[in-house]
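Student: Using only what follows, build the 3D model:
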Amino acid sequence: MKTGKRRPEWFLYPGWIVLSTLGIPLTWFTSLAIISQAERIVGDTIVVAGRTRITEDFLIGYLFFPLLGLLTGFLQYLLLRRYLPRMGWWVAATTLGWPLGIAVLYFGYTIWPVDLSTGSMWGIALVLVSAGTAMGFTQWLILRRRLPHAGWWILASALGWSLVSPITGQVFTTMLQLLTLGVVPAVVTGVALWWLLARLPQHEMATSQ
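Tutor: Alright, predicted model coming up:
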């Protein structure tokens, strides 16, 4: 197992929460900026498989979740690289988590059909839990050689995202709800990060100059 680079300072954990939460509005505005440029080319509507769709509604799902993983993973990486070695793959792992979780969910849908529409409580909850679990797994692949007991990270990620829907409700239409979408899992995983780093033997945490 690769050891830590330096002893964590106190601001690592509030910084983790702030940067993880900040990924939500950054992703939202980035997605809207990209869609705005796309609408200038294709217009407000687009024909897909013979059906006319609203361009923004059609593109937002394909853009938002991959961008969320990419931007959030990058912001988290800026913190983690100071304390754990060789964390560059963290960005790719976080980016992969969302599409992997959704793919697993839709594969399970073929076995156990559930209403996955946008307004469905079950649909939103299952998407978040599935994505949170998948993201925890892909991130665990990076953490398992760097932190003891890293398997708990998968549970923390799944728990954090599973709490979003009961706290915020079924829709995410306001900026406050979008921020809550980010802050709830950020707090839970922030606690898990503190616990995992605290398990490192002190002699393995080399203090950098």
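
Student: hey, where'd the helices end up in the chain?
Tutor: Applying DSSP state H to the chain gives helices spanning 12-42, 55-80, 89-109, 121-143, 152-162, 164-168, 175-198.

Student: Go through those helices and find the least confident stretch.
Tutor: The stretch with the lowest mean pLDDT among the helices of the chain is helix 164-168, at a mean of 76.

Student: who does that one touch, helix- and strand-wise?
Tutor: helix 121-143, helix 175-198 (3 or more C-beta pairs under 8 Å, 6 or more residues apart in numbering; DSSP states H and E). C-beta coordinates here come from the backbone N, C-alpha and C atoms, glycine included.

Student: And those: which comes nearest Trp153?
Tutor: Closest approach to Trp153 among the helices and strands packed on helix 164-168 is made by helix 121-143 (5.1 Å; C-beta to C-beta).

Student: most centrally placed residue in this structure?
Tutor: The residue lying closest to the centre of the chain (C-alpha atoms, centre = their mean) is Gly69, at 5.1 Å.

Student: okay, the helices of the chain in JSON lines with distance to Val48 next?
Tutor: Shown next, in JSON lines, are the helices of the chain (distance: least, C-beta to C-beta, whole Å):
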{"stretch": "helix 12-42", "distance to Val48": "11"}
{"stretch": "helix 55-80", "distance to Val48": "6"}
{"stretch": "helix 89-109", "distance to Val48": "18"}
{"stretch": "helix 121-143", "distance to Val48": "21"}
{"stretch": "helix 152-162", "distance to Val48": "29"}
{"stretch": "helix 164-168", "distance to Val48": "28"}
{"stretch": "helix 175-198", "distance to Val48": "26"}
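
Student: mind putting the helices and strands packed on helix 164-168 in a markdown table, mean neighbour count and distance to Leu80 included?
Tutor: Output for the helices and strands packed on helix 164-168, formatted as a markdown table (neighbours: other C-beta atoms under 10 Å; distance: least, C-beta to C-beta, whole Å):
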| stretch | mean neighbour count | distance to Leu80 |
| --- | --- | --- |
| helix 121-143 | 21 | 9 |
| helix 175-198 | 19 | 8 |
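
Student: Those helices: which one's closest to Trp90?
Tutor: Closest approach to Trp90 among these (C-beta to C-beta): helix 121-143, 5.3 Å.

Student: Include distance to Gly61 when you put the helices and strands packed on helix 164-168 into TSV, please.
Tutor: Output for the helices and strands packed on helix 164-168, formatted as TSV (distance: least, C-beta to C-beta, whole Å):
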stretch	distance to Gly61
helix 121-143	10
helix 175-198	15
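
Student: Let me see the backbone angles for the residue lying farthest from the centre of the chain.
Tutor: Within the chain, Gly50 marks the point farthest from the mean C-alpha position, 33.1 Å out by C-alpha atoms, centre = their mean. Dihedral angles of Gly50 (phi, psi; degrees, to the nearest 10) stand at phi 80, psi 0.
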